[in-house]
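K.L.:
Next come a sequence and a model predicted from it.
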Amino acid sequence: MKINDILRLMAGFFTLLSLILAHYISPKFLWLTAFVGLNLFQSGITKWCPAMWILKKLGFTDC
């Protein structure tokens with residue numbers, strides 16, 4: 001699996017998770033949704049994402 005595929009899965013997972021937690025536990029979990037959105041925004045501009053660095057260290061490849 002490519003790093004970009006994993007990044008999309010992670011972003012979708014954390015967005016859905018934070019929305020579920022906000023609905024059932026506390027609306028403060030919407031801050032996690034905002035964090036994920038801001039990270040996606042900055043990575044679109046800078047072409048760099050902290051999760052990519054971590055995934056590369058774990059041995060995943062771009063190919």
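P.N.:
Received the coordinates, thanks.

K.L.:
What about residue 37, how many residues nearby?
P.N.:
Residues lying near residue 37 (other Cβ atoms under 10 Å) number 13. Bear in mind the C-beta positions are built from the backbone N, C-alpha and C, glycine included.

K.L.:
I should have written residue 16 there, sorry.
P.N.:
Applying other Cβ under 10 Å, we find 12 residues neighbouring residue 16.

K.L.:
And it, how close does it get to residue 10?
P.N.:
Distance, residue 16 to residue 10, using Cβ to Cβ, to the nearest Å: 11 Å.

K.L.:
With residue 29 instead?
P.N.:
According to Cβ to Cβ, residue 29 and residue 10 sit 17 Å apart.

K.L.:
ok, which stretches of the protein are strands?
P.N.:
Assigned by DSSP state E, the strands in the chain number zero.

K.L.:
where does it have its least confident helix or strand?
P.N.:
Least confident helix or strand, the chain: helix 50-57 with a mean of 90, by mean pLDDT, DSSP states H and E.

K.L.:
residues making contact with that helix?
P.N.:
Contact with helix 50-57 is made by 3, 6, 7, 10, 39, as judged by Cβ atoms under 8 Å, 6 or more residues apart in numbering.
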